[in-house]
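In: My questions concern the predicted model and sequence given below.
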Amino acid sequence: MSVSNHLLSSQHVSKALTRLYNARPSKIPPFLDRTMRMLHDTYLDGLQVQKDATFHHSPWNIPFIKYANPFAKFNKNTTAPVVLQQIFYYHRCQYSDYTVFTDGSKADRHVGFGVIMDDASYNHILSVFCSVYTTEAMAISYALKLISSSQYRKLCIYSDSMSVLQQLENTESATHPILLNIADTVHCLKEKGFDIVFCWTPSHVGILGNEKADYVARTASIPIEHTVPLADIRKSVQYYIFNKWQETWDLQVNNKLHRIKPSIVLWPIFPIRGFDVKLTRLRIGHTWYTHIHLLSGD
């Protein structure tokens with residue numbers, strides 16, 4: 001049987017099974033069929049997944065990532081934007097040879113990153129399954145590829161993602177594949193004579209380069225071929241299952257437990273298990289007073 005005939009046959013079988021399940025709603029479909037439906041509903045089928053990576057450098061050859069934070073002593077919420085701008089410009093003067101700004105954006109089913117480099121802008125859209133963390137890391141990774149062909153050797157990459165930059169300081173404990181790829185790229189560029197420093201900048205305080213990077217990230221429209229980290233896929237699947245669970249639970253209006261707990265979010269857990277068990281039994285009505293007729297045999 002040819003590949004095309006095999007695909008047609010599989011499609012006919014799938015449609016027949018769908019009609020069968022719809023005709024018998026009380027019959028639960030097999031796990032494999034339910035999983036395939038979920039993949040189709042969430043558009044996960046055909047997605048290129050990138051597994052978690054492991055740090056492979058020897059202890060005496062760990063890539064050293066320079067990370068600077070001139071804003072560490074200042075609280076963004078209580079510091080005037082003009083003060084933060086002055087701190088930034090003072091720091092930038094130390095790396096006047098070349099500066100690069102990166103940013104990532106995720107909102108309203110739109111995920112993209114932007115890079116501002118030498119007054120030129122670069123931006124691409126990513127899969128909607130990518131997290132903000134992955135998007136910020138992708139922006140830095142893309143900037144490093146552009147830097148590799150630059151004539152400058154002393155550069156500073158500005159990003160407003162403190163979580164990514166702090167993890168780059170401790171890449172030996174990282175598992176995110178893009179972060180480890182960044183560490184490898186920086187290590188290779190350093191061997192070629194590049195001096196790269198990463199610096200955190202506060203967002204939306206009037207720093208021009210950061211504002212431009214944010215704008216091009218939000219307006220990105222050109223797709224780029226890439227893989228999606230497994231951790232992001234796992235979060236998307238958990239979010240989908242959580243919503244499906246909540247939709248099913250919302251229909252159980254005649255269930256007495258639904259009135260007690262309309263939302264499936266977890267209740268806070270108390271450190272004393274005995275107290276936690278008693279409180280849970282009171283909530284769901286499983287107590288001696290409510291079930292004494294069953295426990296006493298009356």
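Out: Received it, and whenever you're ready, just let me know what you need.
In: what's around Trp200, how many residues?
Out: 20 (other CB atoms under 10 Å). Heads up, the C-betas are built off the backbone N, CA and C, glycines and all.
In: so it touches Ser163, yeah?
Out: No: with contact defined as CB atoms under 8 Å, Trp200 does not reach Ser163; the gap is 9.9 Å.
In: Run the chain-centre distance for stretch 109-118.
Out: 16 Å (CA atoms, centre = their mean, to the nearest Å).
In: do stretch 222-237 as well
Out: 8 Å.
In: Might you report the residue contacts of the most centrally placed residue in the chain?
Out: Central residue of the chain (CA atoms, centre = their mean): Ser131, 2.2 Å from the mean position. Residues near Ser131 by CB atoms under 8 Å, 6 or more residues apart in numbering: Lys106, Pro229, Ala231, Asp232, Lys235.
In: switch the cut-off to 10 Å
Out: Gly104, Lys106, Val111, Ala137, His176, Val228, Pro229, Ala231, Asp232, Lys235, Ser236 (CB atoms under 10 Å, 6 or more residues apart in numbering).
In: any idea which element the last one lies in?
Out: Under the criterion of DSSP states H and E, Ser236 resides in helix 230-250.
In: and if you look at the third one?
Out: For Val111, the enclosing helix or strand under DSSP H and E is strand 110-117.
In: average model confidence for that strand?
Out: Mean pLDDT, strand 110-117: 94.
In: which parts of it are buried?
Out: Val111, Gly112, Phe113, Gly114, Val115, Ile116, Met117 (16 or more other CB atoms under 10 Å).
In: Turn those residues into TSV, columns for distance to Leu144.
Out: Shown next, in TSV, are the buried residues of strand 110-117 (distance: CB to CB, whole Å):
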residue	distance to Leu144
Val111	20
Gly112	18
Phe113	13
Gly114	15
Val115	10
Ile116	14
Met117	11
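In: and of the contacts of Ser131, the nearest to Lys15?
Out: Among those, Ser236 lies closest to Lys15 (CB to CB), at 26.8 Å.
In: Low-confidence stretches in this structure?
Out: 1-14, 45, 96-97, 293-295, 297-298 (pLDDT under 70).
In: Would you mind giving the domain segments of it?
Out: Structurally, the chain divides into domains by the TED database as follows: 15-42, 67-229, 238-296.
In: from those domains, which stretch is densest packed?
Out: Neighbour counts (mean count of other CB atoms under 10 Å) averaged over each of those peak at domain 67-229, with a mean of 18.
In: Quick check: end-to-end length of that domain?
Out: Chord length of domain 67-229, first to last residue, is 24 Å (CA to CA, to the nearest Å).
In: same deal with stretch 242-256?
Out: Stretch 242-256 has an end-to-end distance of 21 Å (CA to CA).
In: cool, and stretch 218-232?
Out: Start and end residues of stretch 218-232 are separated by 20 Å (CA to CA).
In: and that stretch, how far out from the chain's middle?
Out: On CA atoms, centre = their mean, the centre of stretch 218-232 falls 11 Å from that of its chain.
In: my hunch is that Ile196 is in a strand, does that hold up?
Out: Yes: Ile196 sits within a strand when classified using DSSP: H, G, I helix; E, B strand; the rest coil.
In: Assign a three-state SS to Asp103, would you?
Out: On the basis of three-state DSSP, Asp103 is classed as strand.
In: For it, give me its contacts.
Out: Per CB under 10 Å, 6+ apart, neighbours of Asp103: 112-116, 123, 135-136, 139-140, 158-161, 201, 203, 209-218.
In: And the strands in this structure, which stretches?
Out: Assigned by DSSP state E, the chain shows strands spanning 49-50, 66-68, 99-107, 110-117, 120-125, 154-159, 195-200, 228-229.
In: The fourth one to strand 154-159, inter-axis angle?
Out: Angle, strand 110-117 to strand 154-159, by axes from the mean of the first three to the mean of the last three CA atoms, to 10 degrees: 150 degrees.
In: Note down every partner strand of strand 110-117 and its orientation.
Out: Paired neighbours of strand 110-117 in the sheet (DSSP bridges): strand 99-107 (antiparallel), strand 120-125 (antiparallel).
In: Put together JSON lines for those, with distance to Lys261 on each row.
Out: Shown next, in JSON lines, are those (distance: least, CB to CB, whole Å):
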{"stretch": "strand 99-107", "distance to Lys261": "31"}
{"stretch": "strand 120-125", "distance to Lys261": "39"}
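In: Much appreciated, bye for now.
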